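K.L.:
What follows is a predicted structure for the sequence shown.
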Amino acid sequence: MIGRRIDLHAHSTASDGSLTPPELIRYAADKKLSAMALTDHDCVDGLDEAVAEGERLGIEVIPAVELSADHPDGTMHILGFFVDRRHEGFCGRLRRLQEARRERNPKIIQNLQSLGLNLTYDEVVAASGGGQVGRPHFAKVLVQKGYVSSMQEAFERYLKKGAPGYVEKFRFSPQDAIAAIHEAGGVAVLAHPFTLYKDNSVPLDPLLEGLSQAGLDGIEVIYSTYSGEQTRYYRERAEKYNLLPSGGSDFHGAHKPGIDLGVGQGRLEVPYELLEPLRKKAQGYKVSVHAG
């Protein structure tokens, strides 16, 4: 193994990262990671290339995904680790989510144009590099055209939930997202819980209790932007609800400046020891998937 650090949350050009899947794995080798999960949004299109490059370089690539789940207040994302990327039912569900993105994207263009912003969908597609088009690609074009000075400003002014360019799209319910991951033999982990509520004072316990009852397996307790207090809080919640801890940078390359693979903002460290309990849990689901 190259090292004992891992990163269980990273994106490629298959969704909204700036590195191709092979480039991402080569970068993981440069960062001396021993394992990483490719967690593209609502798709597994980059996994074959990533796994092959990982095998070539001696880095374990965990096949994974990040599903958007319906949540009325903030944003809910559920990571699925060790998913069977060729599972027919699971891939069919992902196609439904991808179709929802395709239906939404022209509406975002219409909203932005109605605000007097001169951009076209072809420009956004070009910014995606041929991968799945997402809001970061709209943000990239807004930066290129000088309407905003940064990706963050693009989201704050135009693209985040509640902003004038934002358009809702179909999402799974949290229960359906968890069930879909389990169906594919994967482990379901709640990503970055601080995005769940706009008001950070809202207690997580009622939601976590419900998600645990729905089969949630873990929670992201290590993350690029967490304070020490947040990490302790999420560890306590993991213990309280018998959830496995996970961690990752949420690396998007140039689309999320200041967040680097494996180290986040410079202090992130995800130990390899977190991976084995997740792997063991997934093995139990794979037995049930193939049984009968």
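P.N.:
That came in fine, so what should we check first? Numbers count the residues shown, from 1 in each chain.

K.L.:
where does the stretch 1-150 of the chain dip in pLDDT?
P.N.:
Counting by pLDDT under 70, the stretch 1-150 of the chain has low-confidence residues at 1-3.

K.L.:
Tell me which stretches of it form helices.
P.N.:
Secondary structure of the stretch 1-150 of the chain (DSSP state H, counting those that start in this stretch): helices at 21-30, 47-57, 88-114, 121-128, 135-144.

K.L.:
what helices or strands is the helix or strand hosting Gln283 leaning on?
P.N.:
Using DSSP states H and E, Gln283 sits within helix 275-290. Under the contact criterion of 3 or more CB pairs under 8 Å, 6 or more residues apart in numbering; DSSP states H and E, helix 275-290 touches strand 5-10, strand 187-190, strand 244-248. Backbone N, C-alpha and C define where each C-beta goes, glycine included.

K.L.:
how about JSON lines for those, with distance to Arg26 added?
P.N.:
Output for the helices and strands packed on helix 275-290, formatted as JSON lines (distance: least, CB to CB, whole Å):
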{"stretch": "strand 5-10", "distance to Arg26": "13"}
{"stretch": "strand 187-190", "distance to Arg26": "26"}
{"stretch": "strand 244-248", "distance to Arg26": "18"}
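
K.L.:
For Arg267, the count of nearby residues, please.
P.N.:
By other CB atoms under 10 Å, 9 other residues sit near Arg267.

K.L.:
swap that for His255, please
P.N.:
By the criterion of other CB under 10 Å, His255 has 21 neighbours.

K.L.:
so Leu97 sits right up against Ala180, yeah?
P.N.:
No - Leu97 lies out of contact with Ala180 (CB atoms under 8 Å); the separation is 9.6 Å.

K.L.:
any idea which residue sits dead centre in the protein?
P.N.:
Computing the C-alpha centroid of the chain and ranking residues by CA atoms, centre = their mean puts Glu66 first, at 3.9 Å.
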